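K.L.:
my questions are about this predicted structure, shown below with the sequence.
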Amino acid sequence: MSYDQGAGLFVTWPTSYEALVGRAELKPGEWVLVTASAGGVGIAAVQLAKALGAKVIAAASTQEKLDVSKQYGGADFVVNYSNKDWQKEVLKITGGKGVNVIYDPVGMIKDCLKCIAWKGRAIVVGFAGGRIEQLPLNLVLLKNVSIVGIHWGAYAIKEPQHIPSVWKALIDLLSSGRVKPIVYSDVFPLEKLSDGLLAIEKRKTWGKAIVRIRQEDTKEKAKL
């Protein structure tokens with residue numbers, strides 16, 4: 001693994017793993033819908049869900065990001081949630097049953113509930129869209145839906161003993177080659193940090209955007 005790949009592991013990968021395994025209790029063969037599927041936590045969630053035996057529908061706002069989700073994430077299907085009534089496409093893909101697990105770092109659980117299955121689990125990962133949602137709880141009631149949150153940073157205070165087991169599982173998966181950290185094509189040198197932040201703000205990036213402090217010394221790394 002390169003230093004660039006390692007730099008993007010810390011928050012995104014344990015967040016996605018604990019969300020899918022610890023909070024949603026994902027089972028092999030289940031359907032998973034991942035929003036912002038080309039982003040840092042999204043692309044990790046797509047890969048992890050696939051590695052855990054799930055069938056993955058990747059959702060994003062542009063064709064480029066959908067292509068990334070399929071090429072680098074290995075998503076089974078892709079859906080553009082900029083399209084009207086995109087949930088109908090999800091229902092069609094799942095044979096009308098809907099998805100068992102929703103992984104949402106955007107803040108669009110409300111929209112996703114239109115294509116969730118009976119006893120589905122919706123994971124609140126974040127609000128990258130900028131708006132904290134107000135959910136219609138009648139939908140939660142009618143479909144026996146569970147809404148669960150994931151705040152990985154809080155584990156250091158609330159459940160520090162659980163952290164090593166998550167990293168052990170992740171390291172095993174990474175070592176096996178079944179999953180792989182994805183780095184945005186443009187790696188920014190430190191003096192161009194502002195360009196990297198602007199690219200993120202304009203939602204141009206995918207995977208993890210990396211700022212490189214100095215050029216990696218491959219010869220020195222080989223000695224180690």
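P.N.:
All right, it came through fine. Numbering: from 1, shown residues only.
K.L.:
buried stuff in stretch 93-113?
P.N.:
Buried residues in stretch 93-113, defined by neighbour count with 16 or more other CB atoms under 10 Å: 93-94, 98-109, 111-113. In this view, the C-beta of every residue, glycine as well, is placed from N, C-alpha and C.
K.L.:
show the end-to-end separation of that stretch, please.
P.N.:
By CA to CA, to the nearest Å, the extent of stretch 93-113 from end to end equals 16 Å.
K.L.:
do the same with stretch 109-129
P.N.:
This stretch, stretch 109-129, spans 11 Å end to end (CA to CA).
K.L.:
for that stretch, buried residues please.
P.N.:
Quick answer for stretch 109-129 (16+ other CB under 10 Å): 109, 111-113, 115-117, 120-126, 128.
K.L.:
can you check stretch 50-58 too?
P.N.:
Buried residues in stretch 50-58, counting neighbours by 16+ other CB under 10 Å, are found at Lys50, Ala51, Leu52, Ala54, Lys55, Val56, Ile57, Ala58.
K.L.:
show me the contacts for the closest residue to Val78 other than its chain neighbours.
P.N.:
What sits nearest to Val78 in space, not counting adjacent residues and going by CB to CB, 6 or more residues apart in numbering, is Leu66, at 4.1 Å. Residues counted as contacts of Leu66 (CB atoms under 8 Å, 6 or more residues apart in numbering) are Ser37, Ala38, Ala58, Ala60, Val78, Val79, Asn80.
K.L.:
following the helix or strand containing Leu66, which helix or strand shows up next?
P.N.:
Here Leu66 sits within helix 63-71, counting by DSSP states H and E. As assigned by DSSP H and E, the chain's next helix or strand after helix 63-71 is strand 77-80.
K.L.:
any residues touching that next one, and which ones?
P.N.:
37, 56-63, 66-67, 69-70, 86, 89-90, 93.
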